[in-house]
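*Asks:* Requesting a structural model of the entry that follows:
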Amino acid sequence: MVEDLVRALIIVNQRGFHSDEINVPRKMLECAGHSVKIASTLRSNAVSSDGSSFSPDFAVYEVNPDYFDAVIVVGEGAEELARKRDVVSVVRRVALRDKIVSGITMGPLVLAAAGVLGGKRATISPRERAVKGLRECNAIRDANHVVRDGNVITGDDHESSEELTREIIKIIS
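*Replies:* Down below sits the predicted model:
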């Protein structure tokens with residue numbers, strides 16, 4: 001029996017992310033037979049903190065959230081993404097369909113802005129402003145590197161990308 005194809009979307013800011021936050025989930029999900037697309041605030045190349053360049057498949061305003069089964073928001077630049085209505089809307093619509101929503105490093109702030117984390121266990125970068133963002137949305141902070149609460153999965157830094165992606169694959173398998 002062939003596994004159903006899962007369509008995942010990685011949302012990244014134009015700058016302020018680590019290349020592992022894209023490369024690891026994309027490679028692992030594609031190796032498992034799933035489709036992965038990248039969206040950013042613009043269609044122009046997004047550049048990681050180590051200088052790697054990624055060409056987004058979409059600008060976020062072009063994304064149809066009904067098409068995707070999972071969304072992963074990544075990077076230090078996610079603080080800016082949390083203030084973008086179109087980004088927050090995509091995450092909220094995916095979550096409302098009871099699909100997988102995920103954030104790495106500061107990405108959980110977008111989940112918080114979308115109203116996804118209230119009453120849920122979550123982790124985030126240990127920076128004070130990040131932890132404060134979790135508290136303000138009534139999330140229950142967990143200091144583990146990766147935390148899963150239902151279909152919500154969060155990771156505290158780029159080094160948690162592999163473990164976080166394994167959790168996503170557990171849900172979709």
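
*Asks:* Going by C-alpha atoms from here, please, whenever you check contacts or count neighbours.
*Replies:* OK.

*Asks:* was I right about Val60 contacting Ser89?
*Replies:* No: applying CA atoms under 8 Å, one finds Val60 not in contact with Ser89, separated by 9.8 Å.

*Asks:* more neighbours, the two?
*Replies:* Neighbour count, other CA atoms under 10 Å: between Val60 and Ser89, Val60 has more, with 25 against 17.

*Asks:* can you pull out the helices in this structure?
*Replies:* 20-31, 78-81, 85-96, 108-113, 128-136, 161-172 (DSSP state H).

*Asks:* any chance of those in a markdown table, with mean pLDDT and distance to Val147 too?
*Replies:* As requested, the helices of the chain are exported to a markdown table (pLDDT from 0 to 100; distance: least, CA to CA, whole Å):
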| stretch | mean pLDDT | distance to Val147 |
| --- | --- | --- |
| helix 20-31 | 97 | 16 |
| helix 78-81 | 94 | 18 |
| helix 85-96 | 98 | 16 |
| helix 108-113 | 98 | 11 |
| helix 128-136 | 93 | 13 |
| helix 161-172 | 96 | 8 |
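
*Asks:* Same list, those helices, but as JSON lines with distance to Arg43 please.
*Replies:* Conversion of the helices of the chain to JSON lines gives the following (distance: least, CA to CA, whole Å):
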{"stretch": "helix 20-31", "distance to Arg43": "16"}
{"stretch": "helix 78-81", "distance to Arg43": "15"}
{"stretch": "helix 85-96", "distance to Arg43": "14"}
{"stretch": "helix 108-113", "distance to Arg43": "20"}
{"stretch": "helix 128-136", "distance to Arg43": "27"}
{"stretch": "helix 161-172", "distance to Arg43": "24"}
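
*Asks:* any idea which of the ones you listed is most buried?
*Replies:* Highest mean neighbour count of these: helix 108-113, a mean of 28 (counted as mean count of other CA atoms under 10 Å).

*Asks:* packing partners for that helix?
*Replies:* Here helix 108-113 touches helix 78-81, helix 85-96, strand 100-104, helix 128-136, going by 3 or more CA pairs under 8 Å, 6 or more residues apart in numbering; DSSP states H and E.

*Asks:* Looking at those, which is nearest to Asp4?
*Replies:* Across these, Asp4 has its closest neighbour in strand 100-104 (15.0 Å, CA to CA).

*Asks:* Helix 85-96 and the closest one, what's the angle between them?
*Replies:* 130 degrees (axes from the mean of the first three to the mean of the last three CA atoms, to 10 degrees).

*Asks:* tell me how far strand 100-104 is from the chain's mean position?
*Replies:* With CA atoms, centre = their mean, to the nearest Å as the basis, strand 100-104 stands 4 Å off its chain's centre.
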